[in-house]
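Novice: coords please:
(one chain, ligands or ions: 2)
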Amino acid sequence: MGEGLFRLWVSQYMSGFGNEHVSEDPRCPGALPEGQNNPQVCPYGLYAEQLSGSAFTCPRPTNKRSWLYRILPSVCHKPFKPLEEGHLTHNWDEVEPDPNQLRWKPFEIPKAPQNKLDFVSGLHTLCGAGEPRGRNGIAVHIFVCNTSMLDRCLYNSDGDFLIVPQHGKLLITTEFGKMLVEPNEICVIQQGMRFSVEVFGETRGYILEVYGAHFELPDLGPIGANGLANPRDFLVPVAWYEDRQVPGGYTVISKYQGKLFAAQQDFSPFNVVAWHGNYTPYKYHLEKFMVINSVAFDHADPSIFTVLTAKSTRPGVALADFVIFPPRWGVANNTFRPPYYHRNCMSEFMGLIKGHYEAKEEGFQPGGASLHSMMTPHGPDADCFEKASKAKLEPERVAEGTMAFMFESSLSLAVTKWGLQTSNRLDKNYYKCWEPLKSHFNPKCKDGDSTTSLGSLFQCLTTLLVKKFFLKSNRNLRPFPLVLWLVTWEKRPTPTSLQPPFRLNKPCSLSRYSSDLCSRPFTSFVTLLWTCSSTSMSLLYAEYRGTITSLVLLATLFLIQARMLLAFLATWAHCRLIFRRLSTNTPRSFSAGQLSSHCMLYLVRIRGNSQPLFTGRPENTTQCVFHREKIGINKAFSAVCRGRAFQS
Ligand SMILES: O=C(O)Cc1cc(O)ccc1O
Ligand SMILES: [Fe+2]
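Specialist: Ligands and ions are numbered 1, 2, ... in the order given. The predicted model follows:
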């Protein structure tokens, strides 16, 4: 069927999560028996068949079953025979356990026609735990395919599939009707439901398989009766049948006890003319999620974003939750807004449908994945931390154009051999995204803002160059490794009791730096240059504190476009200072007069914040204090721009 026609057909759904639905294919009105489930003879000569999704005796709220009225019952098939299962597995002992933070680059979608894969042959198990036989466990699969399932369908005897398409849409024919599922939508095909997937080119996505529990909407507690995923937004297909003989044989595939089995039959299994019940496949558009978030302070736990949960038998503990990180407002005051650093007694598998995840803007890519196993520490990468700890806390859109999600499980997940080795998508450098995190601890400074910046000519020039040539095309400065490295390498001098704004310690000795140098041989050339230039100017131990620090830091690395102007000014002033120092042959200590450019910036910032300039009044700073009284913000800026030393 052409896609246009298909769209028309599947634009009809019934709505409501877990509702009792009734549906008849309009070609056979009255196909549903009236007032009873299995009359002696069903309308239109159909067979009645019950599909049970819960024990017969389950309490009403969890009792699930549907009655299907079909041309031939499902039992009409040849015996099941084992089918090659490719990369589908539930053997969690293939490789040794690995507690590391794991991240995968986007999984490759093979190209047709050289390597034809359909939804079933394209299933690859990435991780999981538990046992389909004991009906307790989960598996995470990646599907990559390029071909529609032709005269074959699948059903899962082991549990439910929650399918998250990431690239390409899925046209899913089920016994209950058809569903079109596009990226940013999800669908759930519950245990035993037969389905066949058509695709329109290269297609990729994630599957959360749960053995032993069905997905439910989470309880809302004090949130009240509405919010998160609202029941009415879950869509259920309408009855559709085909009375199609398949001379070559139609293949019905069962995933049974973790293995695949195939049985042949002479007709299409999508022969259900009418059905009723509360056990159905369904889909949901993630844009419909009503997001709730912190509107005062602090970062709320991600459980506020739970779309669906598959409960374990322990109250409040999920076998697996499906959680999303949708576009929303971030407004929390005095708060580190991205996810916190944490260790969790749950396993966190994450995928990205589109965009950039807020805790890791780079490295975690759409179509890729990450796994933070039980108690494995994780959190924002260094870059995110630096930015978010300095960010101005205005209301801002978070995750715009993004949809990341998490399968969070109380089980300890094993990764398969395909995941760790065969797929060849593991990002070996993942751990490095936290390496640049440095200590900001200063027992003498409660505000924790005593970061230092070393006055290196080389560093300043490099920074300037980077800004000039890289910033236009790139929102952030991060990719430039040289600067990143230099700043990472910066040393924080031992704090002293002297007061801000700045002071000069002894010049650095070359030997001290050479020890660091040996541990990083590949950058030794740069180090040498940097060390020499800095030492010769005796500025290495210049310690800027308080506001000036942020300015200089701005100038050196964590620069975002909005602050370009300020950063340029700071950099310019910084360079100018160095040049002034260069012109004097003997190293001298700073004085306010010599540091006029810095002072001005400091002053400008101070005026902006209307805070006192200094708490104490160290030697040589009188001029600064004086200028603060006299010079307005515009004059200070123009003095900097003209390159004039700032003299009273
Ligand atoms: O680790 C992650 O990125 C997921 C996550 C997000 C969040 O906002 C809080 C906790 C958490 O595990
Ligand atoms: Fe986490």
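Novice: Could you list the low-pLDDT ranges of the protein?
Specialist: In the predicted model of the chain, residues 1-11, 447-648 satisfy pLDDT under 70.
Novice: Now with 50, please.
Specialist: 449-460, 463, 466-564, 566-567, 574-575, 578-648 (pLDDT under 50).
Novice: pull the longest strand from it.
Specialist: Under DSSP state E, the strand in the chain containing the largest number of residues is strand 245-256.
Novice: buried residues in that strand?
Specialist: If you call a residue buried by 16 or more other Cβ atoms under 10 Å, then strand 245-256 has these buried ones: 249-255. Heads up, the C-betas are built off the backbone N, CA and C, glycines and all.
Novice: And the residue nearest to G137 when sequence neighbours are not counted, which helix or strand is it part of?
Specialist: Take G137 and drop its neighbours on the chain: the residue closest to it by Cβ to Cβ, 6 or more residues apart in numbering is G130, 1.7 Å away. Under DSSP states H and E, the secondary-structure element containing G130 is strand 123-131.
Novice: From the contact counts, what lies against that strand?
Specialist: In terms of contact count using 3 or more Cβ pairs under 8 Å, 6 or more residues apart in numbering; DSSP states H and E, strand 123-131 is assigned the packing partners strand 136-145, strand 203-211, strand 347-354, strand 369-372, strand 414-415.
Novice: again, only this time at 10 Å
Specialist: Under the contact criterion of 3 or more Cβ pairs under 10 Å, 6 or more residues apart in numbering; DSSP states H and E, strand 123-131 touches strand 102-104, strand 136-145, strand 203-211, strand 347-354, strand 369-372, strand 403-409, strand 414-415.
Novice: Tell me which strands the fifth one pairs with, and in which orientation.
Specialist: With DSSP bridges as the test, strand 369-372 is paired with strand 102-104 (antiparallel), strand 347-354 (antiparallel).
Novice: same thing with the second one?
Specialist: For strand 136-145, the pairing partners within the sheet under DSSP bridges are strand 123-131 (antiparallel), strand 203-211 (antiparallel).
Novice: about what we covered before: need the strands paired with strand 369-372 in TSV (columns: distance to P231 and mean neighbour count).
Specialist: As requested, those are exported to TSV (distance: least, Cβ to Cβ, whole Å; neighbours: other Cβ atoms under 10 Å):
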stretch	distance to P231	mean neighbour count
strand 102-104	34	23
strand 347-354	23	22
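Novice: what about the nearest residue to H124 once chain neighbours are set aside, distance to ligand 1?
Specialist: Closest residue to H124 apart from its sequence neighbours, by Cβ to Cβ, 6+ apart: H87 at 4.1 Å. In this structure, H87 and ligand 1 are 26 Å apart, going by Cβ to the nearest ligand atom, to the nearest Å.
Novice: Switch the helices and strands packed on strand 123-131 over to JSON lines; also include distance to ligand 1.
Specialist: Listed next are the helices and strands packed on strand 123-131 as JSON lines, based on distance: least, Cβ to the nearest ligand atom, whole Å:
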{"stretch": "strand 102-104", "distance to ligand 1": "11"}
{"stretch": "strand 136-145", "distance to ligand 1": "15"}
{"stretch": "strand 203-211", "distance to ligand 1": "15"}
{"stretch": "strand 347-354", "distance to ligand 1": "5"}
{"stretch": "strand 369-372", "distance to ligand 1": "6"}
{"stretch": "strand 403-409", "distance to ligand 1": "6"}
{"stretch": "strand 414-415", "distance to ligand 1": "17"}
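Novice: I71: which of these is closest?
Specialist: When the helices and strands packed on strand 123-131 are compared by Cβ to Cβ, strand 136-145 sits nearest I71, at 28.9 Å.
Novice: so how many other residues sit close to the residue in the stretch 51-200 of the chain positioned nearest to ligand 1?
Specialist: Per Cβ to the nearest ligand atom, Q101 is where the stretch 51-200 of the chain lies closest to ligand 1, at 9.8 Å. The tally of other residues near Q101 (other Cβ atoms under 10 Å) stands at 19.
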